[in-house]
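Q: Take this sequence and fold it.
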Amino acid sequence: MRVTRLAAIACAISIGLIGCNDRSGSTEATLNEPATAVDEPAGAESVANEPAKQMVASNPCEPPATLQGDAAAGSLVYQQYCNLCHGPEAPPMEPKPADHNNCEYMRTLSDVHLFKVVCGGGTAVGKAAAMPAWRDIVPTADIENVIAHLRSFCPA
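A: Sure, this is the predicted structure:
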């Protein structure tokens, strides 16, 4: 699955797992030489070849007038894209990703705020650039579904 690999690559780049030299001095992949998705055709442009902060938005991050998502569908999307960095088995990162199980904190965030951070990445809301923008990876409906799933962690 190319998109899943892209999510893993984006997370790995953001936490510095890619770009380390081994003892021989060779570099497998660096931020200057991004990794390429394995199943990408030769010569094709790929979002994996661009650092997340340089991606040009093809979709605006304006939330729909009313956010209506399906928490069950959002759970699947969350497991595929978000759990790698936000889940219990996430590698240590600085800055530390938001703890979606921290109900006190999560209740302070509006649905519009959550939409903007998932869609546009951390910089869209004044947070760390390590949180990539997902607007070009997942459709708006999936972002709404993820928000519904996040809300299921801490019911009102």
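Q: can you give me the helices in the protein?
A: Counting by DSSP state H, residue ranges of the helices within the chain are 2-14, 71-77, 83-86, 103-106, 111-120, 140-153.
Q: how far off helix 111-120 does the longest one point, in degrees?
A: Yep, that's helix 140-153 we're talking about. Interaxial angle, helix 140-153 versus helix 111-120 (axes from the mean of the first three to the mean of the last three Cα atoms, to 10 degrees): 130 degrees.
Q: For helix 140-153, which outside residues touch it?
A: Helix 140-153 is contacted from outside by 59, 64, 67-75, 77-78, 81-82, 100-101, 103, 106, 111, 114-115, 118-119, 134-135, 138, using Cβ atoms under 8 Å, 6 or more residues apart in numbering. Heads up, the C-betas are built off the backbone N, CA and C, glycines and all.
Q: Report the buried residues of that helix.
A: T140, D142, I143, E144, N145, V146, I147, A148, H149, L150, R151 (16 or more other Cβ atoms under 10 Å).
Q: For the third one, give me the pLDDT.
A: Taken from the predicted model, the pLDDT recorded for I143 is 97.
Q: Any figure for the gap between it and G87?
A: Separation of I143 from G87 (Cβ to Cβ, to the nearest Å): 18 Å.
Q: Would you write out the ChimeraX command that picks the buried residues out of the contacts of helix 140-153?
A: Selection of buried members from these for ChimeraX, criterion 16+ other Cβ under 10 Å:
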select :59,67,69,71,73,74,75,77,78,81,82,100,106,111,114,115,118,119,134,135,138
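Q: Point out where the protein drops to low pLDDT.
A: For the chain, applying pLDDT under 70 flags the ranges 1-59.
Q: let's see it at 50
A: Residue ranges of the chain with pLDDT under 50: 1-10, 12-57.
Q: in stretch 93-106, what counts as buried?
A: Using 16+ other Cβ under 10 Å as the test for burial, stretch 93-106 gives M93, P97, A98, H100, M106.
Q: I'm done for today, thanks for sticking with me.
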